[in-house]
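# sequence first, then the predicted structure, then my questions.
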Amino acid sequence: LVGAVNVVFTLVAIYTVDRFGRKPLLLLGSVSMAVFMGILAVSFYTHNLGAMALVCVLGYVASFAFSWGPITWVLLSEMFPNAVRSRLMSVAVAVQWITNYLVASTFPLLDKNERLLNTFNHGFSFGLFGIMAALSCVFAWKFIPETKGKTLEQMEQIWNIQPKTKK
């Protein structure tokens, strides 16, 4: 079920990214991921699980699949000028993998922490990652330029990068 939702909403991203733009999908994805994680955190905290937990997990997967999952790669291929693209892509991919590692390694540690477990009943990790999703919305809003329909020259102007001239 999770895999099917992931595939379907990745296809949604493929068909909507050029229509709506990259940034709006990131913003919508961030907000919806934050909402689903927040509801899931409260559901765990209040011991009110069941169908709501499944809906929230699937909603989070769908939100990621139509936004940060595929759009990150589209943005990375479009936002960096040719002169620095390979270096900055390397840095961006390294940061992405480090972040994946941190999420994958901290979630089980936080979820098994006895003090957090007694206080939040598994809800802490979901609440924390919901806050991170909300912060990703702020980050996207303030720092990620829209690349839809922009030429490489326009991206250089956005980043204020002067092309090197040959002597």
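Looks like it arrived, so ask away. All values derive from a computational prediction rather than experimental measurement.

# so how far is the helix ranked longest in the chain off the chain centroid?
The longest helix of the chain (DSSP state H) is helix 85-112. Relative to the centre of its chain, helix 85-112 is centred 12 Å away, using Cα atoms, centre = their mean, to the nearest Å.

# not counting sequence-adjacent ones, nearest residue to the most centrally placed residue in the chain?
With distances taken as Cα atoms, centre = their mean, the residue of the chain nearest its centroid is residue 68 (3.6 Å). Counting by Cβ to Cβ, 6 or more residues apart in numbering, residue 68 lies nearest to residue 29, which is 5.5 Å off, once chain neighbours are set aside. C-beta coordinates here come from the backbone N, C-alpha and C atoms, glycine included.

# now that neighbour: how far from residue 47?
Remark: distance between residue 29 and residue 47 (Cβ to Cβ, to the nearest Å) = 29 Å.

# these two: who's more crowded?
residue 29 (26 against 9; other Cβ atoms under 10 Å).

# number of residues surrounding residue 78?
Residue 78 has 18 neighbouring residues, counting by other Cβ under 10 Å.

# lowest-pLDDT helix or strand in the chain?
Lowest on mean pLDDT, DSSP states H and E among the helices and strands of the chain sits helix 152-159, with a mean of 74.

# dump the C-alpha coordinates for that one into CSV.
Provided in CSV are the C-alpha atoms of helix 152-159 (Å, rounded to 0.1, in the frame of the first residue of the first chain):
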residue,chain,number,x,y,z
LEU,A,152,20.6,29.1,-17.2
GLU,A,153,21.3,32.8,-17.7
GLN,A,154,18.4,33.8,-15.6
MET,A,155,19.5,31.4,-12.9
GLU,A,156,23.0,33.0,-12.9
GLN,A,157,21.3,36.3,-12.4
ILE,A,158,19.2,35.0,-9.5
TRP,A,159,22.4,33.7,-7.8
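
# done for today, thanks.
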